[in-house]
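A.B. asks: this one's structure only:
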Ligand code: CDP
């Protein structure tokens, strides 16, 4: 009879999410649930203009209104050297405007009052006299000769250009293009969109006049990094700053940056000596906090006569808004865009990127994305489908012909990446099989013969997640490692504290599962804590699907460290040599005598009551994990659409998604992540757009204009999987959270383009709304 212990919640089990017990009952503890005694409220006055010089700010009436404690302007902040702050991309950003406003929604002044309503009423009584200037709303306009200078605050800044950045090899790429039989070009725009988490951003700053301790409750995906930035910017000693990130209602990258509201609330609490709360409303969130994308991209793919890819050339113009405050590793000006060769064995590539200031909100964040991999994946996957259509080849066959082969891993890409593992052909085959591809193609032909507009879109993305390695990836100089601290209590229950911070991804469940696997403690006996910098080990936070690749690895390794100590204690308890002990999940037994065993719970008790002479008491440890490389999840997504010629309306008939994220810790959570990401991808492809009129007014400042999908609009998803473990990750896992948002927009749009290809239509920029499709069809003379 097997003596193996049953351990609840090991890797591979779809255990229910422990956090849902409070979330589903409405018992979560989100920012706006926190009320402190004596707390004040802050409201921010924002600019109505995209570009204007501030002539004067009159705060007299506002200051005299009931309940008002203070009115804060840029001038006051400047007296404390806090009118400007550094950005994550090495630029500066106004906290409260002193000279000019540079985008609509920019922070101009703030009111601190006893109640939120009093603060908002007084804010509306502030009078600002503006001298309106020309607004610049695109990189094209930004680079035109004679365009108004946006950043005249910066010494030596003569134009609106921010950076030029290159990757790959220009000479070998040019040579390959010279020899090509065919070059396919795609010019496309990935428009500005917004992470739009359910909960907006906010904070409560509580600086105690008695102790000098600053406790800042903040909707932050990266509380430790924020603590360090605050210490550097404000000069407060870091041990006196405690950042607490409570339950977060989504983040998707929106909650990574430091926003001016956080700085003003903290300064106000410091000066007034009372806690100050600031919570954005929806419009503030949409018009002023980290947007995503806004990339204008041109890609050229060089091919030989047989359809083999020879080279890739890409140029992009990036619209960075008024301050270059992209949240990304310091060394990469265009994030990780140079993963743009994607899943294909392209011998050489050359990428050039230019960033421009415009009069739009700053802060390109990685919206469910690893620092611009989404834009890169979109471009290459769109280009590949267009090339297949132009060559008259089947999209799937063309991809398979050019995929990196399973035996080529670890694969060195033309732009310097080392892909850890993959089997792209297999993922494609599973997707095609699920789709019934051959039959489906016949069906498409038959429908087209009847005059229907229908098509299939494929995208075979490669992702790059789990930043660092720390030597190559840093945020403001902080190496991108992450951490886990594990304490096993005498009764065998455990506490796991992490440097990352969940925003709803289920970390309290999955990280406990890793410990269950490694130490044999049931996952339900492990409490996982994140988000309090006074108690959690230092980490760089959760974004870019880095939690599992980095903090998940730290968890496995700290558990193994404890297992090593447990072996020593077991050897003492069983009076057997360490090398004679066998580990079987949850217990050590003496080789050949499975009955002579000690469970991890017995060992934990002994760690506090009966340890060998000279050993430190307790069973706890910490691991700071600096990954040797990123992980490279991948997959194939396929979409079938039907388009109504009369209205231009697109209906997604089928959506098949095959993902490979290596070993799945909790398959149910992984599927949930994929459903969510495919829905967001659908929204980006068909609905969501933050755009601006010629005066720089933001169109898309509320959820009536900025359409996000609900279950009603979303397609039905058919999921499939393959499993190719990461060779360098301790449990073989890769990240998954962002894969579906990265991979799916191209699949949706490719389906539309495939459907419209018989009419010679090669591009429609997202969101692919009915009016655009209708106009494209009419431009080709197609009527009902
Ligand atoms: O960094 P973030 O948590 O956003 O992304 P992630 O590392 O991709 O993880 C998202 C959720 O899926 C977490 O709860 C993970 O532990 C879980 N996951 C999993 O169960 N198996 C994987 N191979 C990857 C993620």
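C.D. replies: Good, I have the coordinates. Note that the coordinates shown come from a computational prediction; the quantities given were computed from them, not determined experimentally.
A.B. asks: so what's the residue nearest to residue 649 when sequence neighbours are not counted scoring on pLDDT?
C.D. replies: Counting by Cβ to Cβ, 6 or more residues apart in numbering, the nearest residue to residue 649 once its immediate chain neighbours are dropped is residue 770, at 4.5 Å. C-betas here are computed from N, CA, C, even on glycine. The score at residue 770 is 98. That number is its pLDDT.
A.B. asks: List the residues that contact residue 770.
C.D. replies: Applying Cβ atoms under 8 Å, 6 or more residues apart in numbering to residue 770 gives the contacts 644, 647, 648, 649, 650.
A.B. asks: Of those residues, grab the buried ones for PyMOL.
C.D. replies: Entered in PyMOL, the line below selects the buried ones among the contacts of residue 770, by 16 or more other Cβ atoms under 10 Å:
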select buried, resi 644+648+650
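A.B. asks: Quick check: mean pLDDT of stretch 457-477?
C.D. replies: The model assigns stretch 457-477 a mean pLDDT of 94.
A.B. asks: Okay, buried residues for that stretch please.
C.D. replies: By neighbour count on 16+ other Cβ under 10 Å, the buried set for stretch 457-477 is 457-468, 470, 473-475.
A.B. asks: Just the strands from the stretch 651-784 of the chain, written as ranges.
C.D. replies: In the stretch 651-784 of the chain, the segments counted as strands under DSSP state E, counting those that start in this stretch are 691-692, 698-699, 717-721.
A.B. asks: The ligand: which of those strands is closest?
C.D. replies: Ranking the strands of the stretch 651-784 of the chain by their distance to the ligand (criterion: Cβ to the nearest ligand atom) puts strand 717-721 first, at 10.4 Å.
A.B. asks: ok, back up a step: just send the strands of the stretch 651-784 of the chain back as JSON lines, with distance to the ligand too.
C.D. replies: Output for the strands of the stretch 651-784 of the chain, formatted as JSON lines (distance: least, Cβ to the nearest ligand atom, whole Å):
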{"stretch": "strand 691-692", "distance to the ligand": "28"}
{"stretch": "strand 698-699", "distance to the ligand": "28"}
{"stretch": "strand 717-721", "distance to the ligand": "10"}
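A.B. asks: now these in JSON lines, with mean neighbour count and mean pLDDT?
C.D. replies: Shown next, in JSON lines, are the strands of the stretch 651-784 of the chain (neighbours: other Cβ atoms under 10 Å; pLDDT from 0 to 100):
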{"stretch": "strand 691-692", "mean neighbour count": "18", "mean pLDDT": "95"}
{"stretch": "strand 698-699", "mean neighbour count": "18", "mean pLDDT": "94"}
{"stretch": "strand 717-721", "mean neighbour count": "17", "mean pLDDT": "98"}
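A.B. asks: With distance to residue 246 added, can I get those strands in JSON lines?
C.D. replies: As requested, the strands of the stretch 651-784 of the chain are arranged in JSON lines below (distance: least, Cβ to Cβ, whole Å):
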{"stretch": "strand 691-692", "distance to residue 246": "34"}
{"stretch": "strand 698-699", "distance to residue 246": "29"}
{"stretch": "strand 717-721", "distance to residue 246": "31"}
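A.B. asks: For residue 438, the count of nearby residues, please.
C.D. replies: 10 (other Cβ atoms under 10 Å).
A.B. asks: So it belongs to a strand, correct?
C.D. replies: No - using DSSP: H, G, I helix; E, B strand; the rest coil, the secondary structure at residue 438 is helix, not a strand.
A.B. asks: Would you check how far apart it and the ligand are?
C.D. replies: Computed with Cβ to the nearest ligand atom, to the nearest Å, the distance linking residue 438 and the ligand is 31 Å.
A.B. asks: quick revisit: mind checking which of the contacts of residue 770 are in strands?
C.D. replies: With strands defined by DSSP state E, the entries of the contacts of residue 770 inside them are residue 650.
A.B. asks: Pick the one among the contacts of residue 770 closest to the ligand.
C.D. replies: The closest of the contacts of residue 770 to the ligand turns out to be residue 650 (Cβ to the nearest ligand atom; 29.2 Å).
A.B. asks: since we're on the residue nearest to residue 668 when sequence neighbours are not counted, how many residues are nearby?
C.D. replies: Beyond its immediate neighbours in the sequence, the residue positioned closest to residue 668 (Cβ to Cβ, 6+ apart) is residue 14, lying 3.5 Å away. One way to gauge burial is a neighbour count; for residue 14, by other Cβ under 10 Å, it gives 14.
A.B. asks: so residue 14 makes contact with residue 664?
C.D. replies: No - under the contact definition of Cβ atoms under 8 Å, residue 14 does not touch residue 664, with a separation of 9.1 Å.
A.B. asks: which residues of the stretch 401-550 of the chain fall in strands?
C.D. replies: All strands of the stretch 401-550 of the chain, identified by DSSP E, counting those that start in this stretch, fall at 411-412, 418-419, 453-462, 474-475, 478-479, 482-488, 494-498, 526-530.
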